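[1] structure for the following, please:
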Amino acid sequence: MTAGSLIEFFAEQQTFSKNTLTAHLAEMHAYGLLVLQESRDKRVKPLQLSAHGETLIAQWLESHLSALDRLDGGDRASRLVDDPRLLACIHPLAVRALVFDPGWAEPPASVDLFVRTESGSNILHELICRLPAINSLDKAVCVGRLHASEVSTRHTLSRGHVQRVFSRARAEGLLVWSLPGNQGDLSVSPVLLQDYARWQRVKFDAISTAYGQARKQF
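    A predicted model of the protein is given here:
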């Protein structure tokens, strides 16, 4: 992969600027997710996924397949572990389906408030992971006490950044604290719960479909 090939991949959709894509590749390289490859053309700097990057992607996919298995008793995750070839087939199919799907790339406003900020998706997933077992998304759900400092420490973020995200969500009625000043028990609104569930459904549908297509090839 090169910066040019990635820019060409997104060209028709114009989802990102060239500078954004180039900067993102540079950051991935800096974190060791991509490694430079030799090239006879010194003007081109081809990149390849590193072994570390591939391990992280495999863990990401396995966790999602495990979640699908818990829903219907399937064995997708174990099949992925038994046949590593599936990774190179499932992941590209799922990602290509998602990056140009407005249902995923353009999340609902409540979700977008989180994911469009730096590490906001981590903050959102933190909230969702704290939810108790529930049978309905029609009412607010209490997750107990949660302080910005706790989230910032867990995800290596500044406390001020987490507080700003919380404040925006509170202003929109997405997060409600039982006491002033973001104190007391925190409740997540049904709007955010329902929007998050619909948004995640798009992703799991894409992964499930990609898994089925990959299985047919092997």
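
[2] determine the longest helix present in this protein.
    Taking DSSP state H as the criterion, the chain has its longest helix at helix 190-217.

[3] low-confidence ranges, the protein, go.
    Counting by pLDDT under 70, the chain contains low-confidence ranges at 14.

[4] which residue lies nearest the spatial centre of it?
    With distances taken as CA atoms, centre = their mean, the residue of the chain nearest its centroid is residue 121 (6.6 Å).

[5] just the element for that residue, please.
    helix 120-129 (DSSP states H and E).

[6] so that helix versus helix 190-217, what angle?
    Interaxial angle, helix 120-129 versus helix 190-217 (axes from the mean of the first three to the mean of the last three CA atoms, to 10 degrees): 100 degrees.

[7] buried sites along helix 120-129?
    Within helix 120-129, the residues scored as buried using 16 or more other CB atoms under 10 Å are 120, 122-124, 126-127. Heads up, the C-betas are built off the backbone N, CA and C, glycines and all.

[8] could you do stretch 99-110 as well?
    By neighbour count on 16+ other CB under 10 Å, the buried set for stretch 99-110 is 104, 107, 110.

[9] make TSV out of the residues you listed and add distance to residue 149 and secondary structure.
    Below are those laid out as TSV (distance: CB to CB, whole Å; DSSP: H, G, I helix; E, B strand; the rest coil):
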residue	distance to residue 149	secondary structure
104	32	helix
107	27	coil
110	24	helix
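
[10] closest to residue 209 among these?
    residue 104 (12.9 Å; CB to CB).

[11] can you show me the CA trace of stretch 118-134 as PDB?
    Output in PDB follows, covering the C-alpha atoms of stretch 118-134 (Å, rounded to 0.1, in the frame of the first residue of the first chain):
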ATOM      1  CA  GLU A 118     -10.100  12.500  19.800                       C
ATOM      2  CA  SER A 119     -10.500   9.100  21.400                       C
ATOM      3  CA  GLY A 120     -14.200   9.800  21.800                       C
ATOM      4  CA  SER A 121     -15.000   6.300  20.700                       C
ATOM      5  CA  ASN A 122     -13.100   4.900  23.700                       C
ATOM      6  CA  ILE A 123     -15.100   7.100  26.000                       C
ATOM      7  CA  LEU A 124     -18.400   5.900  24.400                       C
ATOM      8  CA  HIS A 125     -17.400   2.200  24.600                       C
ATOM      9  CA  GLU A 126     -16.400   2.700  28.200                       C
ATOM     10  CA  LEU A 127     -19.900   3.900  29.000                       C
ATOM     11  CA  ILE A 128     -21.500   1.000  27.100                       C
ATOM     12  CA  CYS A 129     -19.300  -1.600  28.700                       C
ATOM     13  CA  ARG A 130     -20.500  -0.400  32.100                       C
ATOM     14  CA  LEU A 131     -24.200  -1.000  31.400                       C
ATOM     15  CA  PRO A 132     -25.900  -3.700  33.500                       C
ATOM     16  CA  ALA A 133     -27.800  -6.500  31.800                       C
ATOM     17  CA  ILE A 134     -31.000  -4.900  30.400                       C
END
